[in-house]
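Q: I would like to see how this sequence folds:
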Amino acid sequence: MATVVAVFAHPDDETFICGGTLAKLSAEGHRVVLVCATLGEMGRRMGIPPIATRESIGQLREAELRAACDALGIARLVTLGIRDKWLEMCDEREVASRVLSVFEEEQPKAVITFHDPMGGHPDHCAIGRIATDAYERYTASSGMSVGLFYVAWGEGLDTYKRFEQPVIGMVRVDVQAHKAAKLKAFRAHRTQSQLDRGVWGSEKQGMLRMASSEFFVHSQGPRLSRPGVLFEHE
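A: Residues are numbered from 1 along each chain as shown. From the prediction side, this is the model:
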């Protein structure tokens with residue numbers, strides 16, 4: 001089995017964007033590691049009714065993140081402790097060195113992160129640049145064959161070909177069998193998901209709210225011979 005490292009900016013990125021894929025990888029016996037740069041402490045959502053204050057929200061969101069990791073089967077969580085909304089202003093090379101150290105420890109077969117600029121949010125774009133830098137440094141120094149994947153929302157490949165990052169292809173992952181785990185992780189992020197009434201209705205209603213497919217742009221690394229996978233199974 002292999003290791004996959006996901007590198008994101010905030011608690012809930014891992015669940016809302018690719019929770020089904022992470023749960024699927026874990027269920028198949030792979031080791032899933034999550035690097036989360038901030039605790040999302042500047043977020044505006046505090047729960048309905050509010051269950052946090054500006055002072056307590058970071059600690060609460062970290063607890064929610066850990067519960068979501070348990071739901072998705074994530075084996076290791078690494079928090080970088082960078083202040084929310086400051087990620088784009090930090091020394092990206094230094095943060096990339098910290099992410100690189102995780103890659104060196106874990107020796108991943110695949111890395112998942114945000115695309116810059118298609119990640120949208122400034123912190124998403126920043127962590128995408130940081131993770132890409134760490135990935136390129138890791139593969140150059142180790143000689144390891146590793147796939148680099150950017151989370152996507154079903155856009156066509158031509159959208160991504162406009163940017164400087166390489167584009168190999170689009171990967172669609174079928175996560176139908178892992179909706180229950182994804183729903184549990186959504187509900188773990190209580191402060192962030194309570195606005196979505198569908199998630200907090202019946203189990204059936206909540207499952208219907210979970211997407212059956214998740215999409216990734218395969219940017220670098222070995223070409224895949226089978227559809228719907230992020231690496232060739234060992």
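
Q: would you enumerate the residues in contact with residue 154?
A: residue 215 (CB atoms under 8 Å, 6 or more residues apart in numbering). C-beta coordinates here come from the backbone N, C-alpha and C atoms, glycine included.

Q: quick check: residue 19 is in a helix.
A: Yes - checked against DSSP: H, G, I helix; E, B strand; the rest coil, residue 19 lies within a helix.

Q: now it, nearest residue through space, not along the chain?
A: Nearest non-adjacent residue to residue 19, counting by CB to CB, 6 or more residues apart in numbering: residue 182, 4.1 Å away.

Q: can you confirm the one you found is in a helix?
A: Yes - counting by three-state DSSP, residue 182 is located in a helix.

Q: got the contact list for it?
A: Listed by CB under 8 Å, 6+ apart, the contact partners of residue 182 are 15, 19-20, 23, 72, 175, 210.

Q: please report how far it lies from residue 6.
A: Using CB to CB, to the nearest Å, residue 182 is found at 14 Å from residue 6.

Q: can you list the strands that the strand of greatest length in the chain pairs with?
A: Looking across the chain with DSSP state E, the single longest strand is strand 213-220. The pairing partners recorded for strand 213-220 under DSSP bridges are strand 147-152 (antiparallel), strand 169-174 (antiparallel).

Q: so which of these gets nearest residue 119?
A: Shortest distance between residue 119 and the strands paired with strand 213-220, using CB to CB, is found for strand 147-152: 7.8 Å.

Q: what about this protein, any weak spots by pLDDT?
A: The chain contains residues with pLDDT under 70 at 42-44, 46-48, 50-53, 55-56, 233-234.

Q: give me the distance from the longest strand of the chain to the chain's centre.
A: Here strand 213-220 is found 12 Å from its chain centre; the criterion is CA atoms, centre = their mean, to the nearest Å.

Q: in the helix or strand residue 95 falls within, what's buried?
A: Residue 95 belongs to helix 92-106 when assigned by DSSP states H and E. For helix 92-106, a neighbour-count test (16 or more other CB atoms under 10 Å) marks 92, 95-96, 98-100, 102-103, 106 as buried.

Q: make JSON lines out of those and add distance to residue 199.
A: Conversion of the buried residues of helix 92-106 to JSON lines gives the following (distance: CB to CB, whole Å):
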{"residue": "92", "distance to residue 199": "34"}
{"residue": "95", "distance to residue 199": "32"}
{"residue": "96", "distance to residue 199": "34"}
{"residue": "98", "distance to residue 199": "33"}
{"residue": "99", "distance to residue 199": "30"}
{"residue": "100", "distance to residue 199": "36"}
{"residue": "102", "distance to residue 199": "30"}
{"residue": "103", "distance to residue 199": "33"}
{"residue": "106", "distance to residue 199": "31"}
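
Q: just give me the closest of those to residue 220.
A: The closest of the buried residues of helix 92-106, once distances to residue 220 are taken by CB to CB, is residue 103, at 13.5 Å.

Q: roughly how far does the most far-flung residue of the chain relative to its centre sit from residue 174?
A: Distance to the chain centre peaks in the chain at residue 49, reaching 27.5 Å (criterion: CA atoms, centre = their mean). Counting by CB to CB, the separation of residue 49 from residue 174 is 37 Å.
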